[in-house]
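In: Need a 3D model of the following:
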Amino acid sequence: MKVIDAHTHLGDFPVFGASIDLEGLLGLMNRYSIEKAVVSALPNTLTREAIEKHPNKFAGLVRVNPHEADAAAQAEEAITKWGFKGVKLNPLFNNFLPDSLVVDPVMEVAARHRVPVLIHSGHPPWSLPWSFERLADRHPDVTIVMAHMGHGHIVYINGALDVAEDHPNIAVDTAGMTMHTKIREAVERLGEHRVMYGSDTPLGHPAWEIPKVQVSGLDEKQLHKVLYENAKTIYNM
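Out: Numbers count the residues shown, from 1 in each chain. The predicted structure is shown next:
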């Protein structure tokens with residue numbers, strides 16, 4: 001079984017009591033037969049070093065805060081000079097709504113370079129799924145990945161599927177989403193090409209995130225798409 005992890009991190013996360021360095025992430029990938037991983041970090045130099053040392057193992061996402069005046073320039077540099085494959089935004093930590101106009105300059109960089117934008121979802125007030133609608137409408141040429149598929153609240157999970165179903169440029173990843181049955185529903189409603197496995201490492205773990213996908217009721221072709229092919233295609237790995 002081939003696996004690409006579409007949602008991992010490097011660095012320290014003291015608020016969660018978690019941390020992982022490059023060797024730790026590589027060890028976890030080897031233990032669970034994960035061929036490649038999509039990774040983001042603060043500082044972004046951690047991601048850059050991972051790509052430089054293991055270019056065949058990682059696709060990097062540049063983390064930017066759209067409130068910063070040079071956010072678009074940071075994204076541009078990471079994509080054009082460092083070989084990053086997309087952008088990571090976290091409305092929860094940086095206090096903005098996904099559909100805020102402050103996000104547009106970063107989205108325009110993503111559109112210009114044809115890379116996806118991964119955005120945290122699932123926590124009020126900053127990252128609820130309904131705040132993705134106008135952003136997706138304004139930037140139809142950008143693939144927006146709704147991370148966590150609404151996360152742990154059933155109302156938000158259902159909302160994520162409703163919003164994504166209405167917007168073909170929205171994909172979802174399964175990282176940290178609590179209901180295995182909703183993975184099959186996501187595939188049925190969005191199509192097998194718009195759902196990706198993610199672990200949220202080190203905040204989550206492939207030991208339970210991979211089986212969550214495996215027991216969701218997908219057939220072998222769908223499992224291959226969700227566990228491997230979709231991340232490879234969306235992140236151009």
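
In: so where's this structure uncertain?
Out: Scanning the chain for pLDDT under 70 picks out nothing.

In: ok, residue 24 - contacts?
Out: Each residue near residue 24 by Cβ atoms under 8 Å, 6 or more residues apart in numbering is listed here: residue 202. Heads up, the C-betas are built off the backbone N, CA and C, glycines and all.

In: Relative to the whole chain's centre, how far out is the longest helix along the chain?
Out: Counting residues, the longest helix found in the chain (DSSP state H) is helix 154-166. Offset of helix 154-166 from its chain centre (Cα atoms, centre = their mean, to the nearest Å): 16 Å.

In: Packing partners of it?
Out: helix 133-138, strand 144-147, strand 170-173, helix 181-190 (3 or more Cβ pairs under 8 Å, 6 or more residues apart in numbering; DSSP states H and E).

In: For that helix, buried residues please.
Out: Using 16 or more other Cβ atoms under 10 Å as the test for burial, helix 154-166 gives 156, 157, 159, 160, 161, 163, 164.

In: quick one: it to helix 181-190, angle?
Out: Here the directions of helix 154-166 and helix 181-190 differ by 20 degrees (axes from the mean of the first three to the mean of the last three Cα atoms, to 10 degrees).

In: Please enumerate residues in contact with helix 154-166?
Out: Helix 154-166 has contacts (Cβ under 8 Å, 6+ apart) with 121-122, 128-130, 132-133, 136, 146, 149-151, 170-172, 177-179, 182, 185-186, 189-190, 194.

In: if we go to 6 Å?
Out: With contact meaning Cβ atoms under 6 Å, 6 or more residues apart in numbering, helix 154-166 is reached by 122, 129, 132-133, 146, 149-150, 170, 172, 182, 186, 189-190.

In: any idea which strand is longest in this protein?
Out: The longest strand of the chain (DSSP state E) is strand 4-13.

In: Show me what stretch 194-212 is in contact with.
Out: Contacts to stretch 194-212, defined as Cβ under 6 Å, 6+ apart, come from residues 5-8, 16, 18, 20, 32, 171-176, 180, 186-187, 213, 226-227, 230-231.
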